[in-house]
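# With the sequence up front, the predicted model follows.
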Amino acid sequence: MNYEAFYGLKEQPFAITPDPRFFFESEQHMGALIRMQHAIDSAKGLTVVIGDIGLGKTFLSRKLLYQLQIDENKYEASLLIIIHHEISAGWLLKKIGVQIGIESPADDKTTLISQICRKLIEIDEAGKKAIILIDEAHMLQTQDIYEELRGLLNVEASSHKLLNIILFGPPELEKYMALDPPLVSRIGLKFTLKPLDEASTKGYILHRIKVAGTEKEVFVDSAVQSVFIHSKGIPRLINAICDNALLEGFLEKKATIDAPIVDGVAIDLGLKKQ
């Protein structure tokens, strides 16, 4: 038996993979989704989502992508994840070309930009909006990259921009974007994520437990309070604490998770001093 079966769960509720089913509609995360959708539908061009590590930027990007791809007749949306900073503006342009449907992006930059412009016009004429989501955007660290993004944002029809770009990154993203002040001046919308408060932390835990298969009170109130204290409302830490607490509770054969279990896990994770 594993802890899922012990607690009446069908799956692990605090897995780190960004499964849209587990998206918790906190006030701020729903606010971010609504703002991003508004920015796309009103063709703002450039949207920036800022948040420290673990606050749910990646989850937001996946949730938004999931929503956009459901309505494939209205949106042409894709996601780029930047995994290292040693990339060139040319590499990024090629990736964007592939993401919007160019089968053979040219090596020559001038030709490639022409291909991208033609494709964006084609998407627009089909009645769709083109959206590129870029996660870990702080890995874009050179001025020429931001200059090229600015150039793409300048591609317009008579009344609207043909490409929407949404950048997700930690606060240092703003430092790199500042390499190109004209791009910063083109930001149509910016949103900064903050940690969850205690009430939202409780809602987050209950939601994920329910999605995983049970409405039983697995975490008692004192345990939830302890999770909030040790995690400081950071979703990634909430997941780590709760997953380890469920395992520990299972090993101790505890019907529910209480504060002492959470406190012990927090010590093991280095979040609380002994």
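Happy to help now that I have it. Numbering: from 1, shown residues only.

# Mind telling me which residue is nearest the centre of this structure?
For the chain, T58 is the residue whose C-alpha lies nearest the centre (Cα atoms, centre = their mean; 2.4 Å).

# list the buried ones in the host helix or strand of it?
Here T58, judged by DSSP states H and E, is contained in helix 57-70. Across helix 57-70, burial judged by 16 or more other Cβ atoms under 10 Å covers K57, T58, F59, L60, S61, R62, K63, L64, L65, Y66, Q67, L68. In short, each C-beta sits where N, CA and C put it, glycine included.

# my guess is the third one contacts F23, does it?
Yes - under the criterion of Cβ atoms under 8 Å, F59 makes contact with F23 at 6.4 Å.

# Which neighbours do these two have in common?
Common contacts of F59 and F23 (Cβ atoms under 8 Å, 6 or more residues apart in numbering): H29.

# hmm, back to that, turn the buried residues of helix 57-70 into a markdown table, columns for distance to G213 and pLDDT.
As requested, the buried residues of helix 57-70 are exported to a markdown table (distance: Cβ to Cβ, whole Å; pLDDT from 0 to 100):
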| residue | distance to G213 | pLDDT |
| --- | --- | --- |
| K57 | 27 | 94 |
| T58 | 24 | 92 |
| F59 | 20 | 93 |
| L60 | 24 | 95 |
| S61 | 26 | 95 |
| R62 | 21 | 94 |
| K63 | 21 | 94 |
| L64 | 26 | 96 |
| L65 | 25 | 95 |
| Y66 | 21 | 93 |
| Q67 | 24 | 93 |
| L68 | 28 | 95 |
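
# Quick one: the residues you listed as CSV, columns for distance to E76 too.
Conversion of the buried residues of helix 57-70 to CSV gives the following (distance: Cβ to Cβ, whole Å):
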residue, distance to E76
K57, 22
T58, 21
F59, 22
L60, 20
S61, 16
R62, 17
K63, 18
L64, 14
L65, 12
Y66, 15
Q67, 14
L68, 9
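
# tell me which of those is nearest to D135?
Top of the list for closeness to D135, among the buried residues of helix 57-70 and by Cβ to Cβ, is S61 at 4.8 Å.

# and E125, what does it touch?
Counting by Cβ under 8 Å, 6+ apart, E125 touches no other residue.

# Also D135?
Residues touching D135, when contacts are defined by Cβ under 8 Å, 6+ apart, comprise K57, T58, S61, L79, L80, I81, I82, F168, G169.

# Does the last one touch K57 like I think?
So that's G169. Yes - A contact is recorded between G169 and K57 when judged using Cβ under 8 Å, the distance being 7.2 Å.

# Run through the helices of the stretch 151-274 of the chain in chain order.
In order along the chain, the stretch 151-274 of the chain carries the following helices (DSSP state H, counting those that start in this stretch): 172-177, 181-184, 198-211, 221-231, 235-251, 259-268.

# May I see the buried residues of the last one?
Judged by neighbour count (16+ other Cβ under 10 Å), helix 259-268 contains these buried residues: A259, I261, V262, D263, G264, V265, A266.

# so can I have TSV of these showing distance to W91 and pLDDT?
Output for the buried residues of helix 259-268, formatted as TSV (distance: Cβ to Cβ, whole Å; pLDDT from 0 to 100):
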residue	distance to W91	pLDDT
A259	50	97
I261	47	97
V262	45	97
D263	47	97
G264	47	96
V265	42	97
A266	42	97
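
# avg pLDDT for stretch 5-23?
The pLDDT scores in stretch 5-23 average 93.

# Oh, that last question was meant for stretch 187-205, not what I typed.
Confidence over stretch 187-205, taken as the mean pLDDT, stands at 96.

# Please shift the residue numbers so they start at 305 in all later answers.
I'll keep to 305 as the first residue from here, and by that count the last item is stretch 491-509.

# Name the residues that touch that stretch?
Applying Cβ under 8 Å, 6+ apart, the set of residues contacting stretch 491-509 from outside is 328, 330-333, 335-336, 339-340, 342-343, 348-356, 359-361, 364, 523, 525, 528-529, 531-532, 535-539, 542, 546.
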